[in-house]
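# Could you work out the structure for the sequence below:
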Amino acid sequence: MNSALSVPATASLDDPLYYLTNFRYVLAWVNDRHHDLLGEPERVFLSAFETLPQPSQALLARMVMRKGELFRTGKLVYDEIGDTPQALAPLVEAGLVEFDPALTAAELGHHLRLAELKKALAVDIRAAGLGASPAKKALLEHLVPTLSAVKPLSEWWPHAPDTLVRLSVMETCDRLRLMFFGNLRQDWAEFVLTELGRQRFEPVALSPDARAFAHRDEVTTYLHLHRLRERLSDGEPPAALFEEVPEAGESRWLGARRSRLLVSMGREAERGGDEALSLTLYQAATGSDARIRQLRLLERRGEDRRALELARAALEDGPRESERQALERLIPRLERRLGGPPVKRGQDASVAMKTLTLLGPRPVERAVAEHLATPKAPVFYVENSLITGLFGLLLWPALFKPLPGAFFHPFHSAPADLYREDFVEARREEIDACLARLDDGRHVQGIRDVFADKHGTASAFIHWPALDETLLETALACIPGHHLRALFERLLEDLKHNRAGFPDLIQFFPEAEGDVRYRMIEVKGPGDRLQDNQRRWLAHFERHGIPVEVCHVRWQATS
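Below is the predicted model of the structure:
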């Protein structure tokens, strides 16, 4: 039987142990819904946690929710927990926390203040040639390469006033958090923000088997990819990391994550001058970004014929609009370099252009809005918030339809399959029903109702502070339904890429005649130019008669 699940009412900030309630909630949820995915480390941890006294459970939860794995005991003092050493003892005994662990010099430096570090290392500052008062960073850069010892703080600094402890189960807790959220972007703050009233989530009916992962190997692969990305960000060379990139199996969404990692590694290899490795990485990835980067790199290397063959094959596969745009630029250039006839470049959309000379410099969007606005023709700075916001309001029932694999915890602002290829087809009936409202005007009241009922509820398409009632009502009055349909249908063609690129401003003419009483305005400051996603939207506006103009700003010369 399905049920709409939410954070328990007992997880209240009025309770000083609210975070422990939340932690227990996640552990119980994962144990109940992902029991078959749990390995020995998770089962041992869950069992050990249940036997801990409450103060020890609370201290462990505090540590898990903080950053890092190493903590000074002097910073683990909480009124609601009480005596820290007493709460720590069962954690150490259970092997969940390591007392006085061995530390590298870098770890030591991270957790000690400068004055403490000098005492711990007995550093002669002047003899080291660091000046009278070196910064901690300079001291560490000088000392760490010379110190290879790994030993506890009690040996580094026998007279230390504090002790360091290491959380031994962070990897296990990250795995449990991943199984709950389905990602590692979300963390325990989701509970707190909800309890504070700063976030509200749509309650979605969840079946007992709703979850992000079907197999334990998928969780392991996700974690492995995540750690590799962290190591890449920390500066490890992509050549070494490439050997550790796991296969994604049959999971298409893990395959997409793997490809994004490979592309990131390829970009780093390019920056480092290793073009051969970069090509290998792009070839190992899938998706339009990898294909286009591979083709551009081949072109730079002078491998024009190979690039042309691959580009033509990609174009024949019926790529999405963004990739097609890139290919249609690349192919004529390659053909020309291989001795083919000149090919006339496709024309951009015939969009009205104007140039304004204004006082500045200042934010160009604000300058143009103030220049064009009148009491009868207000101008709003909306960029990517208005049309996507209206889309999110109209399509709310389709977006939050409780389909298998779409929702699996109480903190979703969008379905998990939002950017997957079958997203629209899986909701075709609901999407068509929502869009049909645009044909007879029913969308106006429908959007109003959702705006009133769901205001403040988290949605990936709605930035609530940017969509107030005045803007909403003016837009509904001045933008005809058939224009909204044309905009929404293009959004649905590629939700990931098409949700950006909208014009900066919109001007309304509420007292004008006819049903089209608005215009969109893309603002470009000095030296700025249209981006590809903006050009694609402009072409779409032209095809559907949607009023738009591009306004170039130059600043008035001052004497």
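# now the strands for the stretch 251-400 of the chain?
Per DSSP state E, counting those that start in this stretch, the stretch 251-400 of the chain carries strands over the ranges 352-358, 379-381.
# Just give the strands next to the first one in its sheet, each with its orientation.
Right, the one you point to is strand 352-358. Strand pairing for strand 352-358, using DSSP bridges, gives strand 548-555 (parallel).
# now the strand it pairs with: mean pLDDT?
Across strand 548-555, the average pLDDT comes to 95.
# just the strands of the stretch 251-400 of the chain: most buried one?
Comparing the strands of the stretch 251-400 of the chain by mean neighbour count (mean count of other C-beta atoms under 10 Å), strand 379-381 comes out on top with a mean of 19. Every C-beta, even on glycine, is put in place using the N, C-alpha and C of the backbone.
# Give the other helices and strands that that strand contacts.
Judged by 3 or more C-beta pairs under 8 Å, 6 or more residues apart in numbering; DSSP states H and E, the packing partners of strand 379-381 are helix 364-372, strand 505-508.
# so for that strand, what's the average pLDDT?
Averaged over strand 379-381, pLDDT sits at 98.
# what do you get for stretch 442-462?
97.
# Give me the residues contacting that stretch.
199-202, 388-396, 399, 411-414, 418, 434, 437, 464, 467, 469, 472, 476, 481, 484, 499 (C-beta atoms under 8 Å, 6 or more residues apart in numbering).
# send the alpha carbons of the strand or helix carrying Ala475 over as PDB?
For Ala475, the host element (DSSP states H and E) is helix 469-478. Extracted as PDB, the C-alpha positions of helix 469-478 are listed here (Å, rounded to 0.1, in the frame of the first residue of the first chain):
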ATOM      1  CA  GLU A 469       1.900  37.400  -7.500                       C
ATOM      2  CA  THR A 470       2.200  40.600  -9.400                       C
ATOM      3  CA  LEU A 471       4.600  39.100 -12.000                       C
ATOM      4  CA  LEU A 472       2.500  36.000 -12.200                       C
ATOM      5  CA  GLU A 473      -0.800  37.700 -12.800                       C
ATOM      6  CA  THR A 474       0.700  40.100 -15.300                       C
ATOM      7  CA  ALA A 475       2.300  37.300 -17.200                       C
ATOM      8  CA  LEU A 476      -0.900  35.200 -17.300                       C
ATOM      9  CA  ALA A 477      -2.800  38.200 -18.600                       C
ATOM     10  CA  CYS A 478      -0.300  39.200 -21.300                       C
END
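# right, and the helix or strand after the lowest-mean-pLDDT helix or strand in the chain?
Among the helices and strands of the chain, strand 3-4 carries the lowest confidence by mean pLDDT, DSSP states H and E, at a mean of 42. Using DSSP H and E, the next helix or strand after strand 3-4 towards the C-terminus is helix 18-33.
# If we go by neighbour counts, what in the following helix or strand past that next one is buried?
Next along the chain after helix 18-33, taking DSSP H and E as the criterion, comes helix 40-51. By 16 or more other C-beta atoms under 10 Å, the buried positions in helix 40-51 come out as Glu42, Val44, Phe45, Leu46, Ala48, Phe49.
# what's the angle from helix 40-51 to helix 18-33?
130 degrees (axes from the mean of the first three to the mean of the last three C-alpha atoms, to 10 degrees).
# quick one: what helix or strand has Met63 in it?
helix 54-65.
# buried sites along that helix?
By neighbour count on 16+ other C-beta under 10 Å, the buried set for helix 54-65 is Pro55, Ser56, Gln57, Ala58, Leu59, Leu60, Ala61, Arg62, Met63, Val64, Met65.
# With pLDDT and distance to Pro90 added, can I get those in JSON lines?
Formatted as JSON lines, the buried residues of helix 54-65 follow (pLDDT from 0 to 100; distance: C-beta to C-beta, whole Å):
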{"residue": "Pro55", "pLDDT": "97", "distance to Pro90": "9"}
{"residue": "Ser56", "pLDDT": "98", "distance to Pro90": "4"}
{"residue": "Gln57", "pLDDT": "97", "distance to Pro90": "9"}
{"residue": "Ala58", "pLDDT": "97", "distance to Pro90": "12"}
{"residue": "Leu59", "pLDDT": "98", "distance to Pro90": "9"}
{"residue": "Leu60", "pLDDT": "98", "distance to Pro90": "9"}
{"residue": "Ala61", "pLDDT": "96", "distance to Pro90": "14"}
{"residue": "Arg62", "pLDDT": "96", "distance to Pro90": "15"}
{"residue": "Met63", "pLDDT": "97", "distance to Pro90": "13"}
{"residue": "Val64", "pLDDT": "96", "distance to Pro90": "16"}
{"residue": "Met65", "pLDDT": "93", "distance to Pro90": "19"}
